[in-house]
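**Student:** fold the following for me, if possible:
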Amino acid sequence: MSNQIPIIDGKKFVPKKLLKKPLLIVIFVLINVAVIAITAFSEFGNSANAAKLEDVKINGWFLIPAVICFLVAITAEISKYVLMMYEMSKDKEHFDKAIARKVARRTVLLGKYYDNITPAAIGGQPFQIYYMRKHSGMKAGVSTSIPVFGMVAGQLGFIIIALICFLLGSASIDNAVLIGTAFFGLFFYAFWPITVMIATFLPESTAELINKIVKLLAKLHIVKNQKATVAKVELEVSEYAQCVRRILKTKGLFLKTVLLSLVFNTLIAMIPFFVLTAFGGDVDFLPCFVTTVAVTSAVYFIPTPGNSGAAEGAFFLVFSALSTGYVFWAMLVWRFFSYYIYILLGPIIYYIMHLEKKQAKNGKKEKREKE
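**Tutor:** Residues are numbered from 1 along each chain as shown. As a prediction, this is how the structure comes out:
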């Protein structure tokens with residue numbers, strides 16, 4: 001997720017425009033296909049040593065747990081957002097869980113889509129805030145705080161898992177450089193949760209800092225209406241801080257969100273073990289799990305979309321248990337679960353949104369004709 005507190009002007013945000021014309025959707029899909037093709041070629045283009053697909057023997061039964069891990073992990077992440085939306089709702093008696101789950105599902109999946117197509121994952125969180133403001137029916141401050149807190153809880157969950165792995169399971173990794181780099185990556189994971197807490201409990205200082213930034217942007221002629229922008233930012237920071245404090249004060253909510261994040265991160269880190277086993281790798285669960293967590297932490301600060309390039313190189317440590325010819329296919333399957341599936345789901349969700357919008361327009365048109 002983004003390492004900045006985003007200020008979103010929904011009217012100017014690109015995804016909204018993408019839904020206006022079918023032609024733009026087609027162009028959008030083609031861009032996604034190009035992104036997938038370019039990324040796949042850069043990651044797996046050097047496949048000269050890969051075994052021929054017809055010669056690869058896969059125990060498909062072990063891919064079933066991998067699929068289950070992914071589905072349960074995503075369900076846990078979506079449930080985390082539904083839980084926060086419910087607890088932050090003023091009218092719990094009329095809270096529509098079906099609509100909330102739909103909003104949460106698209107918020108999560110499209111957020112991860114933008115995370116994986118933008119450098120350093122800067123696009124996911126701003127989109128989540130934009131989408132929740134437009135579709136959740138909640139106030140701007142609440143719609144801002146839920147994605148931010150969801151991301152913070154996710155990073156806290158990973159930090160907890162990583163610390164346990166490094167303190168109790170680091171002996172299973174005979175690679176001091178990897179452990180050192182992984183600890184370095186944890187500092188990047190911890191930076192944003194600490195920043196959020198400062199903004200929450202010191203809102204006046206944060207607003208003052210943002211005020212200075214806006215003034216600087218005004219001098220650079222990036223911001224036109226300085227007073228209006230400052231007033232808007234101060235109001236949103238105040239609402240944001242109040243909502244995050246409310247999340248922290250709501251009994252059990254903080255613990256529940258962190259627990260759901262622990263479930264998500266744990267299950268995602270288990271997938272490489274099942275993929276390796278499916279391709280005939282002789283590995284023990286604990287060393288594979290700890291190495292996966294360490295590598296995930298080590299590549300976190302790499303500023304490429306989806307950590308492309310660095311992730312494949314680093315995860316070779318995990319997949320090196322396989323024969324050379326099988327590494328290519330095993331890593332391709334793993335990257336599908338960790339990267340490509342989000343790239344594929346993005347255009348599909350946008351197309352569904354386009355159909356829903358078109359259907360709504362037709363419904364209004366028919367209603368007017370009947371009247």
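
**Student:** now stretch 292-301: mean pLDDT?
**Tutor:** Along stretch 292-301, the predicted local confidence has a mean pLDDT of 79.

**Student:** give me the buried positions along it.
**Tutor:** 292-301 (16 or more other Cβ atoms under 10 Å). In short, each C-beta sits where N, CA and C put it, glycine included.

**Student:** nearest to residue 101, of those residues?
**Tutor:** For those, the closest approach to residue 101 (Cβ to Cβ) belongs to residue 296, at 27.5 Å.

**Student:** ok, that closest one touching residue 269?
**Tutor:** Yes. In this structure, residue 296 is within contact of residue 269 by Cβ atoms under 8 Å, at 6.8 Å.

**Student:** pull the contacting residues for residue 132.
**Tutor:** Residues near residue 132 by Cβ atoms under 8 Å, 6 or more residues apart in numbering: 103, 107, 138, 143-144, 146-147.

**Student:** ok, now residue 220?
**Tutor:** With contact set as Cβ under 8 Å, 6+ apart, residue 220 has no partners.

**Student:** give me the phi and psi angles of it.
**Tutor:** Phi and psi for residue 220, reported as degrees, to the nearest 10, are phi -90, psi 0.

**Student:** in the protein, which spans are helices?
**Tutor:** Taking DSSP state H as the criterion, the chain contains helices spanning 14-18, 22-44, 63-88, 97-117, 124-135, 140-168, 176-201, 203-219, 226-249, 253-278, 285-298, 310-319, 324-335, 341-370.

**Student:** residue 336: neighbouring residues, count only.
**Tutor:** Residues within reach of residue 336, counting by other Cβ atoms under 10 Å, total 16.

**Student:** returning to that earlier point: from the contacts of residue 132, which two are the most distant?
**Tutor:** 103 and 144, at 14.6 Å, using Cβ to Cβ across the contacts of residue 132.

**Student:** and these two? which has more neighbours close in?
**Tutor:** When residue 103 and residue 144 are compared for neighbours, residue 144 comes out ahead with 27 against 23, by other Cβ under 10 Å.

**Student:** so the more buried one makes contact with residue 136?
**Tutor:** No. Counting by Cβ under 8 Å, residue 144 sits too far from residue 136 to count as a contact (10.7 Å).

**Student:** surely residue 276 meets residue 288?
**Tutor:** Yes. With contact defined as Cβ under 8 Å, residue 276 and residue 288 form a contacting pair (6.5 Å).

**Student:** who has more neighbours, these two?
**Tutor:** Summary of the neighbour comparison: residue 276 and residue 288, criterion other Cβ under 10 Å, with residue 276 having more neighbours (26 against 23).

**Student:** the closest residue in space to the more buried one that isn't next to it in sequence: how many residues sit nearby?
**Tutor:** Residue nearest to residue 276 in three dimensions, not counting chain neighbours: residue 283, with 5.3 Å by Cβ to Cβ, 6 or more residues apart in numbering. Using other Cβ under 10 Å as the criterion, residue 283 is surrounded by 18 other residues.

**Student:** pretty sure residue 283 contacts residue 273?
**Tutor:** Yes. Counting by Cβ under 8 Å, residue 283 touches residue 273, with 6.7 Å between them.

**Student:** just give me the neighbour total for residue 256.
**Tutor:** The number of residues packed near residue 256 is 17, by other Cβ under 10 Å.

**Student:** who's in contact with it?
**Tutor:** For residue 256, the residues meeting the contact criterion (Cβ under 8 Å, 6+ apart) are 80, 83.

**Student:** same check on residue 247?
**Tutor:** Shown in contact with residue 247 (Cβ under 8 Å, 6+ apart): 84, 87-88, 145, 149, 253-254, 257.

**Student:** what is the nearest of the residues you listed to residue 57?
**Tutor:** Proximity to residue 57 was ranked across the contacts of residue 247 by Cβ to Cβ; first place goes to residue 257, at 42.0 Å.

**Student:** once you drop chain neighbours, what's closest to the closest one?
**Tutor:** Closest residue to residue 257 apart from its sequence neighbours, by Cβ to Cβ, 6+ apart: residue 153 at 4.0 Å.

**Student:** that neighbour: how many residues sit nearby?
**Tutor:** For residue 153, the count of nearby residues is 26 (other Cβ under 10 Å).

**Student:** wait, it touches residue 81, no?
**Tutor:** No. Counting by Cβ under 8 Å, residue 153 does not reach residue 81; the two are 10.2 Å apart.

**Student:** please identify every residue contacting each of those two.
**Tutor:** When contacts are counted by Cβ under 8 Å, 6+ apart, the set common to residue 153 and residue 81 is empty.

**Student:** before we move on, back to that, can you tell me which of the helices of the chain is nearest to residue 57?
**Tutor:** Shortest separation from residue 57 across those is recorded for helix 324-335, at 8.9 Å, computed as Cβ to Cβ.

**Student:** specify the angle between the closest one and helix 63-88 in degrees.
**Tutor:** Orientation note: helix 324-335 sits at an angle of 20 degrees relative to helix 63-88 (axes from the mean of the first three to the mean of the last three Cα atoms, to 10 degrees).

**Student:** any idea of the mean pLDDT in helix 324-335?
**Tutor:** Predicted confidence along helix 324-335 averages 75 (mean pLDDT).
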